[in-house]
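Q: Provide a 3D model corresponding to the input given below.
(chains A and B, ligands or ions: 1)
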Amino acid sequence: MEDFEPTIIAFVCNWCTYTAADLAGTSRQSYPTNVRLIRVMCTGMVDPKYIIKAFLEGADAVLVSGCHPGDCHYINGNYKARRRMKLLKAILPQYGFDEKRLKLTWIGASDGIQFARTIRDMVSEIKELGPNEAKHAAVV
Amino acid sequence: MKPKIGRALVVGGGISGIRAALDLAETGYGVTLVDRAPHIGGVLSQLDNQFPTNQCGMCKMLPLVERDAGSQYCLRKGLFHENIDIRLSTEVVGIEGEAGSFMVRLREQPRFVDPEKCIGCGECAAVCPVDVADEFNAGLSERKAVYLPVPHMMPNTYVIDPAACTRCGECVTACPTGAIRLFRQGRQDFGVLVVDDEYTVRDSIKEWLVEDGFSVETAGSGEEALDLMKKQPFKMMLLDIKMPGMDGVEVLKKTMETFPDMAVVMMTAYATVETAVEAMKTGAMDYLMKPFDPEDLVSKVIDVYEIQEASRGEEVEAGAVVFCGGTEGYDPSTGKNTFGYKKFPDVVTGLEFERLISGTGPGGGQLVRPSNGEPVRKIAWIQCVGSRDLQTDADFCSGFCCMYAIKEAMLAKEKGPEDLDATIFYMDMRTFGKTFQRFRDSAEKDHAIRFTRGRVHTVYLDEKTGKLMISYPGENSQRIEEAFDMVVLSTGQQPAGGMDKLAQTADFDLNQWGFALAEPFAPSKTKREGIFFGGAFSGPKDIAESVISAGSASLCASVALHSAGRGMAEVTGDAPEYIDVSIQAPKVRVVLCECGSTLPGGIDMKAIAADLKTDPVVENVFTIPRICTTEGWDLLVEKAKAKGYNRLLVGACMPYAHARRLKELGEKVLMNPVLMEVEDIRAPAFRYADAEASYIQKAMERNLRSGISRLRGVDPLPKTSVPVARKALVVGGGIAGMTAALAIADHGYPVTLVENDPELGGNLNWLARTIEGYDVHAFMDSVRQRLEKHPQVTIHVDSSVMSAFGEVGNFFTTIETGSQSSVETLHHGVAIIATGGGEAPANMYSHGENDAIITQKELEQKVSDKQIDVTSMDTVVMIQCAGSREEPRNYCSRVCCASTLKHILHMKKENADLSIYVLYRDMMSYGFSETWFTEARKAGAVFIPYTVDKKPVVSVPGDGSNVKISAYEPLLDANVEINADLLVLATGIVPSLPESLAAAYGAHVDADGFFQEAEPKWRPVDSLKEGVFACGIALSPRSVTESVATAEAAAQRAMRILTKSALSRAGVTARVRQSLCSLCERCIDVCPYGARSIDLDLQKVIVNAAMCQGCGNCASECPNSASVVDGFFDGRMLDMIDMVIE
Ligand code: FES
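A: Residues are numbered from 1 along each chain as shown, chains lettered A, B, ... in the order given. Reported below is the predicted structural model:
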């Protein structure tokens, strides 16, 4: 398990977290290379089926990250995302996925450091959890 | 969107400049936006959090209709709009001509770093030997002389600070793309003549300058100098004033006759300073005091050289000029009471505090004491530092410090330890804006922030404990000493630097406080036609007010442009006819930028290309040395011109910078820009800096693959658009409604104005004068007369809106008029709600029981009808906040305090012996009305504060004797009894906006019955529902002039829509795949913009493409995948997920 490098798929909103990720990059905040960013316009755009798809494709964890509450460019998409993620977390175990593998955070545009920190923390957490084995077993 | 012929210049790229520029650009004008700083955003680039959300949200200012014309990313990262030409490090040096056709002279500071070539790699900063205070972090950290002005800007290019740079040239060698030029080479050709009768002086100057590369000649006398000048050309002369024979001044005069362009710097001893100053009037550009420091002298010469040789002057045409120059923060170290600032590191300004807790700040966002890095447990804010202070010449209130202090205290609570103790020391908490009072109350109740009234005397350091001690007056005027870990000074706003010069250049006046002077009732107008002010340039303002003010200024500019005949004529030229590729199978051509071989070693572009080519959808892969250069771009165009593909993927750095140019490219090669993408291939090299080359290469390839998969999925859709009925409806005929109607009509669009009352004018019918002494009735009459005569305006008085429905571009409103009930239905494109408000009823303090107890409105009327004779009175009492600022009316009505001050000054003029007592909670004399507060106190009025739990008590004796008021006086710690001839109650303002009216247009009212704006800061006059706006008191209480500002701002928002015959859909917009739709209507509920509706006849869910913002909430909500967002189809998204997980 020593050299298990988890693959993390991050759905990041165009307005906040994407900017933060960019900032982390340009200000040389190094963070683990495990994360693959997918830019969406708003976290409210993240259909739960994308997350399930990511898990089935072999992602060890999924991060959904957008603007802070009250700050969503589209007024309240992040609240809707939060509701959807909560429901999704409830059903993930049915597919054999640990709900800890799905994370929702708010990272503002200037929080490059926080973005890097979030990714670092997530990588170490998932390393502890081990690879997502359920993807092999899941039948959808 | 085709730019209009009209062009405006906006000076200042802070929040108000951005708003004004965007407003004008969205209306269709061309805009030149200049800022003297090397970045846009002003102070907001440094602020991460704004109340009331304590987050940012600035991006909400970006265009909502015709979104694709502008950038769609975080606004603090930068701005792009196809109608805006942004010029940074540029100043206005002259404005000639008149409204409609100004010629504006600009001067751009020398560009040492070519932004076209800079790739932001930072090699230059790594070798730069200079360290100076970093203004981005308010001086709390250091930066190099070559630096990024704002670390999060995009595209981010380095600039050189000429004042700090030693021209050592290290960076020039280090730069991998040759982007830096220090203009040293040209110094040989820059002839300097040194004239001084003392040999040692002229010779040592020569030596210094020659060492720095200049060619220098010397002359020992004036005559010799003039001779030399005849023989060879010089660019500059250093000229001693006191010389035997012909003195310096005479030489100067003679030189100016023959060589008027020569830069002459006088050299003077202390005794002849005045002569030197005189000489500057004759044409000398500056003077230097002897004895001088070689460094100063050389840097002066370098400055002159660079300005002459390297800065670029240019003239631009502009029909109107909007100054949004903003303000400057007060520096407490310059004041009489510095509160230990600069002496104790734990005393910081408000701005410094924001930087300290920012994630991009010096400490990475940790709330620690700057002195020792220990956590802050107890922190205080001191209000009114540099504001409301006669000693610092600031007899005005900065208006925003109270709110930012509360916000900062809340942020401190969030970032600091759980038991953090936060205290705000204040004189009056000026919570006069919409929702401010509740924000403050919640800070006190929910966040346990302590509010302590009293002016702080001093801040000193307790050497033993290392704590900062604050001493302040407690109750009973006792002195209290309290220890804190950190003290934040709530510093105010000051007029921006260089106001005098700018006022001279542009020919406008300054007011007594040093800000730009606006005309009466015209908050954005200067005395010079065609020149306007936006934002805090004309007086301190917070963000929301600045945004409103910028809207008002851009409206005025638009009227000026329009009336000069430059309004709506469109620049000719048709939209390009893109080649139709809809029936072709996708074929992606990939063009990769090699980034001038600055990518980390070991990355094999050829291998990437070969790999990508194995994908059958990829037509071909090319590489180009550097796309960011002009040659590179031309090469790209060439590669794109060759046929054989139908999708283009560009792999480069800085996708933000290139994405906008794709539109240009699309027009050249007739390819719809939605079929092109720029994928960032440089970011992996940054992001994974420590990883191996093979890993980075893989990441680059993965990025490219996901770009390919995105492109494969796109389909250019036929452009649909929403037609616009180019007419406006304004509901409410008070000053706000009248102003808005007139503003739109002045642009040539028909406006219908509906007023309930039989007469226009609203509150202005009873309001006689303003605190400044302006005649309200004369103003109202002039507006009304213009309106009544205007050919584009239809007025319906005695009328009301019966019903309304519709969406932006097409509203249908039925209006009912008079008793005979004539009914008319209007078709209009926008609606402006200006239903105003009135004085709140007085159902407290025995009002109605005695004639001596009256409201402010009654006082105003009685004074103008001369029913009140103050000369026969002894005592007048005024009670502020009667029913205001506590539940259920927990908001400040904003106008009452100024009105009280107005009456005090008036009464005192009539009867100097009159005793006036004002019982108040917080005097809300924000902005310049603070001066009237000072005046009123000087005139002898007594101000006694009260709190809600100790309200004054009014008793009305049955025997007809005077009204008695009993109030607690905190200084005496006792109750005082006052017998008053007159008691005036400031009851505040209530709105008169029927909820049903707002609802008819899809808008809402807030808890207090005012119009609910889309966003309190960034969209203060819009409703969430596009096409519906509000102004005046319907929004929130405000003065006449402030109402005019909101009305103009609302009209400007409406103009964005009215100037278009149709609103086209943006690239990222939602649609419904009707065959899959089960009409469950969940998408309708979830749409935050009300862009969806159900057409019952067609049995279809309809999306209004102009209102939809493409957030995709509908798509994730839809159980059948019937709702989709262009550019983010399920298929495409799933594909991308596939692609990034190999
Ligand atoms: S836009 Fe960032 S979460 Fe909605």
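
Q: Give me the distance between the closest residue to B:Gln861 other than its chain neighbours and B:Thr630.
A: Once flanking residues are discounted, B:Gln861 sits nearest to B:Trp766: 5.7 Å by C-beta to C-beta, 6 or more residues apart in numbering or on different chains. Any C-beta I mention is one placed from the backbone N, CA and C, and that applies to glycine too. Relative to B:Thr630, B:Trp766 is positioned 65 Å away (C-beta to C-beta, to the nearest Å).

Q: out of the two, which sits in the more crowded spot?
A: Just comparing B:Trp766 and B:Thr630: by other C-beta atoms under 10 Å in any protein chain shown the higher neighbour count belongs to B:Trp766, 16 against 10.

Q: list the contacts for the more buried one?
A: B:857, B:860-861 (C-beta atoms under 8 Å, 6 or more residues apart in numbering or on different chains).

Q: same thing with B:Val731?
A: Residues counted as contacts of B:Val731 (C-beta under 8 Å, 6+ apart) are B:737, B:754, B:801, B:831-835, B:997.

Q: what's the spacing between B:Gly733 and the ligand?
A: Distance of B:Gly733 to the ligand, given as C-beta to the nearest ligand atom, to the nearest Å: 39 Å.

Q: List the beta-bridge partners for the residue of chain A found nearest the ligand.
A: Nearest to the ligand in chain A, going by C-beta to the nearest ligand atom, is A:Gly66, at a distance of 2.7 Å. Counting by DSSP bridges, A:Gly66 forms beta bridges with A:Trp106.

Q: quick one, what contacts it?
A: A:12-13, A:15-17, A:42-44, A:72, A:77-78, A:81, A:106-107.

Q: which two from those end up farthest apart in space?
A: A:Gly44 and A:Ile107 (15.8 Å; C-beta to C-beta).

Q: buried ones in stretch B:356-373?
A: B:356-363, B:365, B:367-370 (16 or more other C-beta atoms under 10 Å in any protein chain shown).

Q: Quick one: end-to-end length of it, please.
A: Across stretch B:356-373, the terminal residues are separated by 11 Å (C-alpha to C-alpha, to the nearest Å).

Q: So what's the model's average confidence on that stretch?
A: Throughout stretch B:356-373, pLDDT has a mean value of 88.

Q: residues making contact with that stretch?
A: Taking C-beta under 8 Å, 6+ apart as the rule, stretch B:356-373 contacts A:23, A:27, A:108, A:110-114, B:46, B:48, B:137, B:140-141, B:151-152, B:344-346, B:348, B:354-355, B:374-376, B:411-412, B:415-416, B:466, B:485-486.

Q: Name the nearest residue to the residue in the stretch 801-950 of chain B positioned nearest to the ligand, ignoring sequence neighbours.
A: Of all residues in the stretch 801-950 of chain B, the one sitting closest to the ligand is B:Val808 (21.5 Å; C-beta to the nearest ligand atom). Counting by C-beta to C-beta, 6+ apart, B:Gly1027 is the residue found nearest to B:Val808 once chain neighbours are left out, at 3.0 Å.

Q: how much space between that neighbour and B:Pro1088?
A: From B:Gly1027 to B:Pro1088 the distance is 15 Å (C-beta to C-beta).

Q: B:Val192 now?
A: Counting by C-beta to C-beta, the gap from B:Val192 to B:Pro1088 is 65 Å.

Q: Between the two, which has more neighbouring residues?
A: A direct count of neighbours by other C-beta under 10 Å for B:Val192 and B:Pro1088 places B:Val192 higher, at 24 against 19.

Q: How is the more buried one assigned, secondary-structure-wise?
A: Following DSSP: H, G, I helix; E, B strand; the rest coil, the label given to B:Val192 is strand.

Q: Thought B:Met237 was touching it, still the case?
A: Yes: B:Val192 is within contact range of B:Met237, at 7.3 Å (criterion: C-beta atoms under 8 Å).

Q: hey, which helix or strand in chain A has the poorest pLDDT?
A: helix A:134-137 (a mean of 66; mean pLDDT, DSSP states H and E).

Q: which one is residue 89 nearest to, not counting chain neighbours?
A: I'll assume chain A. A:Glu99 is the one closest to A:Lys89 (C-beta to C-beta, 6+ apart), at 4.3 Å.

Q: The chain in question should be chain B.
A: B:Ser89's closest residue in space is B:Gln109 (C-beta to C-beta, 6+ apart), at 4.2 Å.

Q: cool, and B:Lys235?
A: Counting by C-beta to C-beta, 6+ apart, the nearest residue to B:Lys235 once its immediate chain neighbours are dropped is B:Phe190, at 5.1 Å.

Q: Next one: the one you found, what pLDDT does it get?
A: pLDDT, B:Phe190: 85.

Q: Contacts only, for it.
A: If you count contacts by C-beta under 8 Å, 6+ apart, then B:Phe190 has B:214-215, B:235-236, B:305, B:308-309 around it.

Q: contacting residues for B:Thr282?
A: Taking C-beta under 8 Å, 6+ apart as the test, what B:Thr282 contacts is B:249, B:252-253, B:256.

Q: Scan the residues you listed and report the most crowded one.
A: B:Leu252 leads those on contacts (other C-beta under 10 Å) with 23 neighbours.

Q: Could you say which helix or strand holds it?
A: For B:Leu252, the element it lies in under DSSP states H and E is helix B:248-258.

Q: State the next helix or strand along the chain beyond that helix.
A: Following helix B:248-258 toward the C-terminus (DSSP H and E): strand B:263-268.
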